[in-house]
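Asks: got a predicted structure here, sequence first:
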Amino acid sequence: MVQRIKTFISGNAPLLTTIVIFIIVYIIGGQLYPSMQKPQVFFNLFINNASLLIISIGLTTVILTKGIDLSVAGVIAMISAASAALLKAGWSAGVVIPLMLLIGIAFGFIMGCIIHYLKVEPFIVTLMGLFFARGMAYIITLSSLTITNDTYRYLALTKLHIPFFKSAYLYIPSLIGPILLLVTFYLLKYTRFGRTVYAIGNNEQSACLMGLPVARTKIIVYSYGGLCSAIGGIVFSISLLSGYGGYAPGMELDAIASVVIGGTLLSGGVGNVIGTLFGVLINGTIVSILQFNGTLSSWWTRIGVGLLTLIFIGIQSLFYMRKKHS
Amino acid sequence: MVENNQEIIKMEKIYKSFPGVQALENVDFCLKQGEIHALVGENGAGKSTLIKVMTGVERHDSGHIFFEGEEITIRSPQHAQIVGISTVYQEVNLCDYLTVAENLLLGREPHNHFGIDWKAMNERAKHILADLGIHIDVTRPLGYFSTAIQQITAIARALEITSAKVLILDEPTSSLDIHETEQIFRVMKKLKNDGVGIIFITHFIDQIYEISDQITILRNGKLVGSYETNNLPRLSLISKMIGRNLSDYDDMKATKLETAKNIDKEPFFVANSLGLQDAITPFDLTLHAGEVVGFAGLLGSGRTEIARLLFGIDQPDQGTVTFDHTKIKEFSPIASIERGVGLCPEDRKREGIAGDLTIRENIILAIQARMGWFKYISLQKQYELANHYIKLLNISTPSPDQPVKNLSGGNQQKVILARWLATNPRLLILDEPTRGIDVGAKAEIQKLVLLLAEEGKSIIFISSELEEVLRTSHRIVVLRDKKKIIEFTEEVSEQKIMQSIAGGD
């Protein structure tokens, strides 16, 4: 038993570190600002970071294959603008949402095909994807479009009360991230698709020689990333009840930072979506602390996250260097 | 169940040429069930080309391949695997971060109604490895284990996933210690008893005699012969691998004797019990100006390791070197270049040549490094240098502005030589300078080496071809198993050198 616990700890060290850091950061916040100790503050992390969590999950699978997807925030803006415009034109939410999801999948699919078949660096392809998506959002609408659709309003404003926590609540869209998290966790751990993702990230050539379906898996991964971005966009437009090309500026970088803080290696093959959840939560907690402080510039968030990411990458390098040596 | 002595794979009259080189010429090869078949030959002998043809990486120009009696065409490596021919390379092509179990079974992992059944997968992997006599925790990442275990995992995967009938092991033991080699051998013997045909490529003579049943020898793309291991004494094996052609030997002998007169009495370079653990056993070596010292020994005997040590790529962990009566403190390529030492590495494509740069740019690289990167050499001077050496070394090219990758192997080698000559070195280490180039170019380079010695340079000449070492060297150092065995200063017979290379009996 002790042996098993030891193996578990050594096998999951980066993930456990992330969780510990989250707890430490949260406790520090609670000590500094006692009102942060309210349960609702914790649930707000899920409300405020719903989109970030969703795109970070998609991004984790992409990064696990040693790829990158910079287009995620651009897709959020594009999806929010497109859905706002269509809803304004009188389309029903039941048509708009599936259509947006399809657009997201198609977007990722095309990027995946370019990356795999034309052998272009994912960085370049998805950077172009970012430009395209954000540009497209501004072409749809130059100013913010308000959404008045009833379904959207219902989804945005219905509070779900949490049992056992008095007066604590979540909104419906905040549940999508955690659900997606479980689905992705299952896919990565218990399907051949998921293990192939890890194998590709380890060594694409080896994966190929092992007879694994590399092309198919890579393209599915980018399509899945696109799908997550589209879901993120829908959740974003629901929570703000509007669509605009300038939404979620730079969020792709927050997402990358969250994935890295969560213990996923940018060099691929190692990582976990559960870690990504805690990466997002750490990011959100730092924002909350600054909000509770009220006097500090919100840019301190970026500095804090930046430092944390740096520390994390340092710890990971040390960890893997030591492992290589032993 | 297993009918032994059944032929699994048979290749007849295989021809394969690459631009400028006849890589395989009329080669026959036959592998039987339950046989461990050593495929031997020095660099450029055609071993890897033969394997590539067998595994569908390359298509042969002519000849026939039969698999279990039926003629087949192997279209691709994937096709070879489907047919039942699997290769395990020295560099294991698996995933370090995935667990051993996954590496073994991914692609055919057991499922339950929920998804991948990890428990069943680990059980099965454990079972498969236990069958091969390996008992390890299969839930750990593969990268955690030794190379031997990784290779056995790769072998197990080949057998499990593709049910291989022919297993090609390409230098599996070259980076393993004795204990690990034993592990691999035990697995090989087990598979042999199960009727798998194993092609074993290695340059360790001892290992060939320890495990193989049959030996096929290639030299210069031609089949020397196929022999039962028990009927082939070590000495004849060595002589068949590196034996000489009698032709054009004598004309150089005169030149050699002539140049021998100019050798300095005093050595300028003295190495005292210089060594590096796991690379080379401590050795003594003296070098004199105007002398060519040949290193003879098989691939992996420690030739290249010494070259790397002398040039400062690897730092020795014991011993001393005095250069012009001064003890050397710093071992690094830059320090060596400053002292006037140059190295033409064995693998010129990877380590020596900057293929996309032009001849001129390649030639001035070392001289630039020696002068410091900020000192500019005028373009006119660069062209002067380039043209000088193109003429001197007879490099065939339309202009000094040709990218080096467009040249033939022999000419590329000359460009590297020119690069070092431009720095006017005192000691030049040539590691396999004639590898993979045609006969004419070989002779030219050999003559050049003697010419350089005559100018007072000291040269270390490393080659797999004994005849070549004999022809060009004033003194011969023999290496075996990462150890300097003996030094011949007198004129010595090929027979005697071969004996010391072979060792053993």
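Replies: All right, it came through fine. All values reported here derive from a predicted model rather than from experimental measurement.
Asks: what residues does chain A have near chain B?
Replies: Applying the criterion Cβ under 8 Å from any Cβ of the partner chain, the portion of chain A that neighbours chain B consists of A:7, A:186, A:189-192, A:195-196, A:198-199, A:201-203, A:205-207, A:209-212, A:269-270, A:323-324. In this view, the C-beta of every residue, glycine as well, is placed from N, C-alpha and C.
Asks: change it to 6 Å
Replies: On the criterion Cβ under 6 Å from any Cβ of the partner chain, chain B has as its neighbours in chain A the residues A:190-191, A:195, A:198-199, A:202-203, A:206, A:209, A:211-212, A:269-270.
Asks: among these, which ones are buried?
Replies: A:Tyr190, A:Arg195, A:Tyr198, A:Ala199, A:Asn202, A:Asn203, A:Ser206, A:Leu209, A:Gly211, A:Leu212, A:Gly269, A:Val270 (16 or more other Cβ atoms under 10 Å in any protein chain shown).
Asks: from the residues you listed, which two are the most distant?
Replies: Spatial extent of these (Cβ to Cβ) is set by the pair A:Tyr190 and A:Leu209 at 24.1 Å.
Asks: show me the shaky parts of the stretch 401-505 of chain B.
Replies: Screening the stretch 401-505 of chain B residue by residue with the criterion pLDDT under 70, one finds the ranges B:408-409, B:436-441, B:504-505.
Asks: what residue in it comes nearest to chain A?
Replies: Relative to chain A, the nearest point of the stretch 401-505 of chain B is B:Lys405 (20.9 Å; Cβ to the nearest Cβ).
Asks: do you know how far that residue is from B:Ala369?
Replies: From B:Lys405 over to B:Ala369 the distance is 21 Å, taken as Cβ to Cβ, to the nearest Å.
Asks: try B:Leu104
Replies: Using Cβ to Cβ, we find B:Leu104 at a distance of 48 Å from B:Ala369.
Asks: show me which of those two is the more surrounded one.
Replies: Neighbours per residue (other Cβ atoms under 10 Å in any protein chain shown) separate B:Leu104 from B:Ala369, with B:Leu104 holding more: 28 against 15.
Asks: number of residues surrounding the nearest residue to the more buried one once chain neighbours are set aside?
Replies: Closest residue in space to B:Leu104, ignoring its immediate chain neighbours: B:Ala125 at 4.6 Å, by Cβ to Cβ, 6 or more residues apart in numbering or on different chains. B:Ala125 has 25 neighbours, counted by other Cβ under 10 Å.
Asks: which SSE is B:Ala125 in?
Replies: helix B:118-131 (DSSP states H and E).
Asks: same thing with A:Ala85?
Replies: Remark: A:Ala85 resides in helix A:72-88, with elements defined by DSSP H and E.
Asks: where does chain A get nearest to chain B, which residue?
Replies: Going by Cβ to the nearest Cβ, chain B is nearest to A:Tyr190 of chain A, at 2.8 Å.
Asks: isn't that residue right up against B:Asp117?
Replies: No: with contact taken as Cβ atoms under 6 Å, A:Tyr190 and B:Asp117 are classed as non-touching, separated by 8.8 Å.
Asks: show me what contacts A:Leu130?
Replies: Contacts were defined as Cβ atoms under 6 Å, 6 or more residues apart in numbering or on different chains; by that measure A:Leu130 touches A:Leu70, A:Ser71, A:Gly74.
Asks: contact partners for the last one?
Replies: Spelled out, that is A:Gly74. Listed by Cβ under 6 Å, 6+ apart, the contact partners of A:Gly74 are A:Leu130, A:Ala133, A:Arg134.
Asks: sorry, back to before: distance check, the residue of chain A closest to chain B against B:Pro110.
Replies: A:Tyr190 is 12 Å from B:Pro110, by Cβ to Cβ.
Asks: same question for B:Ile263.
Replies: Look at B:Ile263 and B:Pro110: by Cβ to Cβ, they are 71 Å apart.
Asks: same deal with A:Leu253?
Replies: 41 Å.
Asks: does B:Val415 really touch B:Arg360, like I thought?
Replies: No: applying Cβ under 6 Å as the test, B:Val415 and B:Arg360 come out as separate, 9.7 Å apart.
Asks: neighbour count winner among these two?
Replies: A count of neighbours by other Cβ under 10 Å puts B:Val415 above the other of B:Val415 and B:Arg360, at 28 against 22.
Asks: got the buried residues for the host helix or strand of that one?
Replies: Under DSSP H and E, the secondary-structure element containing B:Val415 is helix B:409-421. Of the residues in helix B:409-421, those buried by neighbour count under the rule 16+ other Cβ under 10 Å are B:409-421.
Asks: and those residues as CSV, adding distance to chain A?
Replies: Putting these into CSV (distance: Cβ to the nearest Cβ, whole Å) gives the following:
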residue, distance to chain A
B:Gly409, 26
B:Gly410, 32
B:Asn411, 32
B:Gln412, 27
B:Gln413, 30
B:Lys414, 34
B:Val415, 31
B:Ile416, 29
B:Leu417, 34
B:Ala418, 36
B:Arg419, 32
B:Trp420, 35
B:Leu421, 39
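Asks: in JSON lines, list those residues along with distance to A:Phe42.
Replies: Rendered in JSON lines, the data for those read as follows (distance: Cβ to Cβ, whole Å):
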{"residue": "B:Gly409", "distance to A:Phe42": "68"}
{"residue": "B:Gly410", "distance to A:Phe42": "73"}
{"residue": "B:Asn411", "distance to A:Phe42": "71"}
{"residue": "B:Gln412", "distance to A:Phe42": "66"}
{"residue": "B:Gln413", "distance to A:Phe42": "69"}
{"residue": "B:Lys414", "distance to A:Phe42": "72"}
{"residue": "B:Val415", "distance to A:Phe42": "68"}
{"residue": "B:Ile416", "distance to A:Phe42": "66"}
{"residue": "B:Leu417", "distance to A:Phe42": "71"}
{"residue": "B:Ala418", "distance to A:Phe42": "71"}
{"residue": "B:Arg419", "distance to A:Phe42": "66"}
{"residue": "B:Trp420", "distance to A:Phe42": "68"}
{"residue": "B:Leu421", "distance to A:Phe42": "73"}
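Asks: need the contact list for the residue nearest the centre of chain A.
Replies: Centroid-nearest residue in chain A: A:Ser56, 1.4 Å away (criterion: Cα atoms, centre = their mean). By Cβ under 6 Å, 6+ apart, A:Ser56 lies in contact with A:Ala255, A:Ser258, A:Val259, A:Thr276, A:Val280.
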